[in-house]
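K.L.:
All I have is the shape, not the residue letters:
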């Protein structure tokens, strides 16, 4: 189907592809459920995860720095600045508060989801950390993904050029992947802890994107 020249490229294409939301939400949710089942059951995927971790762990200054990108003290202020910018830019429009509130709610939802999952799975940490449990899924990865991801989703429509939008998306990916790599390299988390958080956050961020696409008037996207 040809795309109209004035079609909003930021709008989710659910009308033309009704199965798209199901795939967008269902695939990462299914993968998250599979990984969680393997962790709880101590399945073969966990043993593979442990072997991969042994080959990746190498604590150093760089890995420590990168892992800090997932700290609440680092990631949440970035989101706060983005929310302030978006609120300032859209304050004279109808329902300007909706995207800002939705993103803030999603950030607050992270500990409400992660902490019970940590208690449920009770997974021990790598040999590089003190003995203990509650490492699955990775809270730092989830914090980075939601904070930087929400900041990107809300700021992206306000950028005027393709290069600026591409730079923003690239920066978001670098920050999230950098934090994820640092957590695994430093030995703070098993690789599956991080991958599971990616899957969970993919569901959350996709839900936000779909919600904003339906709830926000086209002129404000």
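P.N.:
Everything's here; your move. Values in this document were obtained by computation on a predicted structure and should not be read as measured data.

K.L.:
make it CA atoms for all contacts and neighbour counts henceforth
P.N.:
OK.

K.L.:
Can you tell me which residue sits nearest the middle of this protein?
P.N.:
residue 145 (2.7 Å; CA atoms, centre = their mean).

K.L.:
Nearest spatial neighbour of it, chain-adjacent residues omitted?
P.N.:
Closest residue in space to residue 145, ignoring its immediate chain neighbours: residue 176 at 5.6 Å, by CA to CA, 6 or more residues apart in numbering.

K.L.:
neighbouring contacts of the strand or helix carrying the residue nearest to the centre of the chain?
P.N.:
Taking DSSP states H and E as the criterion, residue 145 maps to helix 139-155. Helix 139-155 has contacts (CA atoms under 8 Å, 6 or more residues apart in numbering) with 67, 69-72, 75-76, 78-79, 82-83, 86, 99-100, 103, 106-107, 110-111, 114, 168-169, 172, 175-176, 179-180, 194, 197-198, 200-201, 204-205, 209.

K.L.:
in a strand, that's where the residue nearest to residue 145 is, yeah?
P.N.:
No - counting by DSSP: H, G, I helix; E, B strand; the rest coil, residue 176 falls outside a strand, being helix.

K.L.:
Number of residues surrounding it?
P.N.:
Neighbourhood size, residue 176 [other CA atoms under 10 Å]: 27.

K.L.:
For residue 135, give me its contacts.
P.N.:
118, 122-125, 189, 193.

K.L.:
how about whatever helix or strand residue 194 lives in: buried residues?
P.N.:
Applying DSSP H and E as the criterion places residue 194 in helix 191-215. By 16 or more other CA atoms under 10 Å, the buried positions in helix 191-215 come out as 191-210, 212-213.
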